[in-house]
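In: Sequence and predicted model, in that order:
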Amino acid sequence: MKLLLAVLLLSSCAFAQAPQYDFLIRNGRVMDGSGNPWTSADIGIIGDRIAFIGHADEKVTAKRTIDATGLVVAPGFIDMLGQSELNLLIDRQAVSKLTQGITTEITGEGESISPQTDSTIAADKDFLDHYKLTVDWTGLDSYFRRLEKQGSGINLGTYVGAAQLREVVIGRDNRPPTADELKQMQQMVEDAMDDGAMGLSTALIYAPGSYAQTDELIALAQTAAQHGGIYASHIRNESDTEMEALNEAFRIGREAHIPVEIFHLKSAGRPNWGKMPQVIAAIEKARAEGIDVSADQYPYIASATSLGATIPATYHAGGTDAFIARLQDPATRAAIRKELESPSGKGVENMWHGASGPQGILVTSVLNSELKKYEGKTIAQIAAAENKDPMDALFDFVIADHDNTGAIYFVMSEDDVKLAMQQPWVSVDNDYGAINTEGPLGESKSHPRAFGTFPRILGKYVREEHVLRLEDAIRKFTSLPALRMKLEKRGLLRSDYFADITIFNPETVHDVATFDDPNRPSEGIEYVFVNGVLSLEHGHVTGQLGGRPLHGPGWLGRRFSDDGPIPGKIQGVITDEQGWPVGRVSIELKDSSGKTVGTFKTRYDGRYAILYESPCAHCTLQVERLGYGSSERPVDYNGVNSLWFSFALQHQAVSNKTAQHKRSK
């Protein structure tokens with residue numbers, strides 16, 4: 001008996017001394033992301049979740065304890081426009097993101113990671129060949145599977161881009177879609193939302209996105225809205241006709257019944273400095289009228305995009321080779337010059353004029369190694385070095401780099417940046433892909449926002465200039481974007497929330513990157529957890545990958561993720577008459593009265609499964625797909641035992657328009 005008691009006592013002592021948590025963060029100033037003041041608390045992490053917030057007993061143990069005395073413990077920062085969808089496949093570490101406290105990125109501005117076809121892959125050949133990257137996916141679901149298999153330093157969610165849909169269905173032609181083409185694009189939006197897209201995005205100053213008219217965008221946004229998505233836009237003009245461009249975004253939100261997000265809010269071009277109060281007033285008016293509008297921004301006075309974007313989008317029609325050929329034609333060059341030398345023209349954003357000419361445009365990155373010496377030089381400096389007229393120097397540079405040049409445009413005022421930052425509905429974006437200080441993604445210069453965005457706000461605009469309270473800045477980084485994007489159990493420090501956590505020193509955090517020397521990690525971000533994985537320690541990336549794909553509100557996978565018994569289902573595969581799988585097929589299960597009681601839309605493998613837990617006697621299974629004859633089968637189903645019905649759909653005659661599209665590919 002004494003031996004038994006001794007064994008029990010030793011066992012209980014061993015249990016009491018066993019670690020209760022994987023990580024225990026002690027003595028931190030916990031700022032939970034809600035906007036409330038910080039509180040002193042400890043946080044325990046088990047697996048990928050926050051398991052405890054409060055004052056832990058001194059006897060509580062963990063596999064690893066972090067002393068956060070004097071540090072702020074906040075939810076992981078959320079980048080509302082990040083551009084890392086391909087970068088993460090080249091370098092999965094996401095160094096420039098983690099070193100500024102980012103744990104989650106939303107991406108997909110106009111041209112998104114999916115859908116992909118041979119033509120869209122060919123359009124990116126220069127980039128893909130340079131980085132030895134292979135595109136082996138078509139839809140978002142298969143891209144997410146690749147990202148998950150490879151691993152990622154941060155979480156990633158994405159929109160489906162309206163420009164991407166245009167490239168797949170229409171190519172880069174400057175024309176409206178036919179009725180059938182628009183329907184095909186809507187079906188692709190639905191597919192993307194089923195796969196987990198966050199909504200629909202546009203970038204309306206770039207080709208081919210700029211070729212879309214408002215009615216086209218409303219139709220696509222309506223489909224995204226039906227699946228709980230939002231409409232996010234780089235509006236058609238951020239300078240001289242910005243108010244008209246905002247009104248277009250408001251109209252899309254109103255008529256499509258969809259929330260609207262304005263990407264990288266700004267008033268661009270020196271003649272428009274000081275107009276931010278008007279922009280804010282317009283957004284506030286739209287919000288008061290019931291349109292759910294918000295925005296995001298980066299805290300810099302310079303934007304960044306391609307050097308080729310200086311040239312109006314109409315000249316980009318037909319793709320890169322056609323664009324380069326126009327630049328080589330003297331008459332076309334003269335026409336472009338005339339447009340750029342005008343203060344503004346026909347609502348088209350004039351970036352040459354907005355940057356006050358060649359001295360305001362800085363080359364940051366090239367793919368042509370012979371042009372490497374010009375990275376970090378303005379167009380004015382390049383023109384002087386080559387003894388050329390500045391505009392000719394720009395045209396020739398775009399030609400020489402086959403429109404692969406990145407550039408910075410100094411187009412904004414500091415006062416406008418600060419005023420936008422103070423609005424409670426404005427969150428934060430990097431608008432730059434994840435890069436590194438070494439390796440393939442560190443070979444070129446960048447915009448300092450790539451490394452510095454979030455710490456710049458914490459250091460310059462919170463601590464030094466008092467533009468924001470610290471609590472308000474953290475809310476903008478965390479709960480505000482998480483709520484906007486409907487990210488489940490992220491953006492706040494709460495029990496059972498995912499352990500995305502950023503710990504920083506409020507007295508020292510600041511950005512180091514500059515326009516002259518941009519590839520420099522920020523300082524003062526001490527620790528970063530991504531889904532409970534310690535990804536950054538004392539400012540250095542650990543190499544441990546905690547990131548995951550994040551699915552939007554319409555993701556079909558959620559219906560299969562609930563615990564409990566697996567219901568019966570009616571399933572099968574849809575092929576054409578030759579046995580090839582057919583995607584985007586609509587399947588409806590109708591009861592004996594003709595009422596629809598179950599639906600499904602096939603993806604790219606043609607498979608379907610309708611989960612239905614009730615008996616269905618004398619029912620009908622109907623199958624329809626644009627371009628194929630419809631089909632149906634009678635069904636008697638007991639609600640428990642699964643049934644299998646496959647269909648071989650017959651092609652309908654191909655229309656002239658479809659035939660033309662196939663030839664164009």
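Out: Thanks, I have it. As the structure is a prediction and not an experimental result, all values here were calculated from the model.

In: in the stretch 301-450 of the chain, what spans have low per-residue confidence?
Out: Applying pLDDT under 70 to the stretch 301-450 of the chain picks out residues 344-347.

In: repeat that for 50
Out: In the predicted model of the stretch 301-450 of the chain, no residue satisfies pLDDT under 50.

In: Same check on the chain?
Out: Ranges of the chain meeting pLDDT under 50: 1-16, 562-565, 654-665.

In: ranges for the helices of the stretch 501-650 of the chain?
Out: For the stretch 501-650 of the chain, no helices are identified by DSSP state H, counting those that start in this stretch.

In: Check the stretch 201-350 of the chain too.
Out: 214-225, 242-256, 276-288, 320-327, 330-341.

In: which helices and strands does the last one pack with?
Out: Where contact means 3 or more C-beta pairs under 8 Å, 6 or more residues apart in numbering; DSSP states H and E, helix 330-341 is packed against helix 320-327, helix 351-354, helix 390-400. The way it works is simple: take the backbone N, C-alpha and C, and place the C-beta from them, glycine included.

In: what do you get for the shortest one?
Out: Counting contacts by 3+ C-beta pairs under 8 Å, 6+ apart, helix 320-327 packs against helix 330-341, helix 390-400.

In: Distance from the chain centre to that helix, please.
Out: How far helix 320-327 lies from its chain's middle: 29 Å, per C-alpha atoms, centre = their mean, to the nearest Å.

In: contacts for it?
Out: 123, 172, 308, 311, 315-317, 332-333, 336, 395, 398-399, 402-403 (C-beta atoms under 8 Å, 6 or more residues apart in numbering).

In: How about the longest one?
Out: Outside of helix 242-256, the residues that reach it under the criterion C-beta under 8 Å, 6+ apart are 204, 214, 217-218, 221-222, 224-225, 231, 233, 235-238, 258-260, 262, 267-268, 272, 275, 278-279, 282-283, 286, 289, 291-293, 347.

In: Taking the residues you listed, please make a ChimeraX selection of just the buried ones.
Out: Buried subset of those, written as a ChimeraX selection, criterion 16 or more other C-beta atoms under 10 Å:
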select :204,217,218,221,222,224,225,231,233,235,236,237,238,258,259,260,262,267,268,272,275,279,282,283,286,291,292,293
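
In: So what would you say the end-to-end distance of stretch 84-102 is?
Out: 12 Å (C-alpha to C-alpha, to the nearest Å).

In: With respect to residue 180, which of the helices and strands packed on helix 320-327 lies nearest?
Out: helix 330-341 (32.9 Å; C-beta to C-beta).

In: most packed of the helices and strands packed on helix 320-327?
Out: Comparing those by mean neighbour count (mean count of other C-beta atoms under 10 Å), helix 390-400 ranks first with a mean of 20.

In: residues touching residue 113, list them.
Out: 85-86, 107, 137, 140, 143, 158.

In: Also residue 485?
Out: Per C-beta under 8 Å, 6+ apart, neighbours of residue 485: 78, 80, 106, 157, 198, 230, 552.

In: Reformat the residues you listed as CSV; add distance to residue 191.
Out: CSV is the format used below for the contacts of residue 485 (distance: C-beta to C-beta, whole Å):
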residue, distance to residue 191
78, 26
80, 24
106, 19
157, 16
198, 14
230, 18
552, 12
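
In: Between the residues you listed, identify the one with the most neighbours.
Out: Compared across the contacts of residue 485, residue 78 has the highest neighbour count, 34 neighbours, by other C-beta atoms under 10 Å.

In: Am I right that that one sits in a helix?
Out: No: under DSSP: H, G, I helix; E, B strand; the rest coil, residue 78 sits outside any helix and is assigned strand.

In: Now distance to residue 643 too, for the helices and strands packed on helix 320-327, in CSV please.
Out: Putting those into CSV (distance: least, C-beta to C-beta, whole Å) gives the following:
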stretch, distance to residue 643
helix 330-341, 62
helix 390-400, 59
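
In: Go through these and name the closest to residue 44.
Out: helix 390-400 (54.7 Å).

In: could you point out which element follows the closest one?
Out: Downstream of helix 390-400, the next assigned helix or strand under DSSP states H and E is strand 406-410.

In: could you check the angle helix 390-400 makes with that following strand?
Out: Strand 406-410 runs at 150 degrees relative to helix 390-400, counting by axes from the mean of the first three to the mean of the last three C-alpha atoms, to 10 degrees.

In: how about the CA coordinates for strand 406-410, as PDB?
Out: C-alpha atoms of strand 406-410 as PDB (Å, rounded to 0.1, in the frame of the first residue of the first chain):
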ATOM      1  CA  GLY A 406       9.700  48.400 -61.700                       C
ATOM      2  CA  ALA A 407       9.600  52.100 -60.800                       C
ATOM      3  CA  ILE A 408       8.800  54.500 -58.000                       C
ATOM      4  CA  TYR A 409       6.700  57.600 -58.600                       C
ATOM      5  CA  PHE A 410       6.900  60.600 -56.100                       C
END
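
In: Given that strand, what are its sheet partners and their directions?
Out: Each strand paired with strand 406-410, and its direction, by DSSP bridges: strand 302-306 (antiparallel), strand 361-365 (antiparallel).

In: Toward the C-terminus from the last one, list the very next helix or strand.
Out: The reference is to strand 361-365. Criterion used, DSSP H and E; the element after strand 361-365 is helix 379-386.

In: how far does that following helix sit from the chain's center?
Out: Per C-alpha atoms, centre = their mean, the centroid offset for helix 379-386 relative to its chain is 35 Å.

In: try stretch 520-528
Out: Worked out by C-alpha atoms, centre = their mean, stretch 520-528 lies 23 Å from the chain centre.

In: Show me the contact partners of it.
Out: With C-beta under 8 Å, 6+ apart as the criterion, stretch 520-528 contacts 66, 68, 71, 76, 95-96, 98-101, 103, 437, 451-452, 454-456, 458-459, 501-505, 508-514, 534-539.

In: these two touch, right, residue 170 and residue 208?
Out: Yes: between residue 170 and residue 208 a contact is recorded at 7.3 Å, counting by C-beta atoms under 8 Å.

In: Now residue 634: closest residue in space, sequence neighbours ignored.
Out: Closest residue to residue 634 apart from its sequence neighbours, by C-beta to C-beta, 6 or more residues apart in numbering: residue 620 at 6.1 Å.

In: neighbours of the one you found, just the number please.
Out: Residue 620 has 16 nearby residues by other C-beta under 10 Å.
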